[in-house]
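>>> Using only what follows, build the 3D model:
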Amino acid sequence: MLAKAVANESEANFITVKGSALLSKWYGESEKRVEEIFKKARQVAPAIIFLDELDALVPVRGGGAGGEPHVTERVVNQLLSEMDGLEELRGVVVIGATNRPDIIDPALLRPGRFDELILVPVPDPESRRKIFQVHLNKAPLADDIIIDELISLTNQYTGADIAAVVRKAGRLALREDMAAEKISQKHFLAALQEIGPSVTPDTMKYYSKLGGELRKKASREVERGEMYA
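Next up, the predicted model:
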């Protein structure tokens with residue numbers, strides 16, 4: 001959603017690809033797909049390439065993953081070539097998303113490639129209010145809805161968690177009465193009893209610490225590269 005917002009605000013063309021969808025069992029096909037995406041982005045620049053599930057596409061080389069032998073290693077090399085090779089990326093920005101940054105090949109985190117590591121935190125109270133408003137605007141609500149109570153009860157809930165709570169509340173209202181036309185506060189409270197937050201404080205601490213460790217790993221890669229230059 002952040003990548004889409006960036007594309008919308010910058011009025012750039014938006015190319016989105018799932019990392020797993022780029023991988024092929026046929027030799028050379030995966031690298032060709034990566035090359036074609038960057039070629040298309042250059043043709044329609046300004047453009048944003050959004051690589052979702054980045055961990056599936058470019059895991060640490062030498063790990064033996066990826067199905068066909070060394071396919072992900074070749075994909076990493078192709079992606080590195082496209083991002084800072086001889087042909088300059090003019091007007092093209094690359095954004096990747098992953099929930100496993102610890103297994104991304106560190107060469108991609110060096111300056112000139114993925115320059116920024118951005119941790120997307122759980123929404124704060126004001127953000128949760130806006131997320132609730134987006135989903136509640138689409139729902140038939142009773143007059144007893146107290147949004148402040150829902151906000152206070154959804155600490156550590158992500159946007160996806162909140163959307164699930166709203167859907168669950170609607171199902172509970174229909175389960176209670178198939179002719180129900182409104183969703184009441186009690187249905188939301190019952191939904192919260194069944195749907196907890198998908199992120200814990202320990203999870204956020206882990207990812208916050210991981211960002212610094214990844215930068216150190218990338219710095220070591222730079223130093224090692226300079227030694228062999």
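>>> When you work out contacts or count neighbours from here on, use the C-alpha atoms and nothing else.
Noted.
>>> Just give the closest residue to the residue nearest in space to the middle of the chain, not the sequence neighbours.
Centroid-nearest residue in the chain, with C-alpha atoms, centre = their mean: Ala97, separated by 3.8 Å. In space, and not counting its chain neighbours, Ala97 is closest to Asp52: 5.0 Å by C-alpha to C-alpha, 6 or more residues apart in numbering.
>>> quick one, what contacts the one you found?
Contact analysis of Asp52 by C-alpha atoms under 8 Å, 6 or more residues apart in numbering lists 16-19, 96-98.
>>> ditto for Ala139
Here Ala139 is in contact with 170, 183 (C-alpha under 8 Å, 6+ apart).
>>> Would you agree it falls within a helix?
No: under DSSP: H, G, I helix; E, B strand; the rest coil, Ala139 falls outside any helix and is assigned coil.
>>> Read off the pLDDT value for it.
Note on Ala139: pLDDT of 89.
>>> Against Ser30, how distant is it?
43 Å (C-alpha to C-alpha, to the nearest Å).
>>> Give me the below-cutoff pLDDT ranges for this protein.
Along the chain, segments meeting pLDDT under 70 span 62-69, 85-87, 211-212, 215-229.
>>> mind listing the helices for it?
All helices of the chain, identified by DSSP state H, fall at 2-10, 19-22, 29-43, 54-57, 71-84, 125-136, 147-152, 159-176, 185-194, 201-227.
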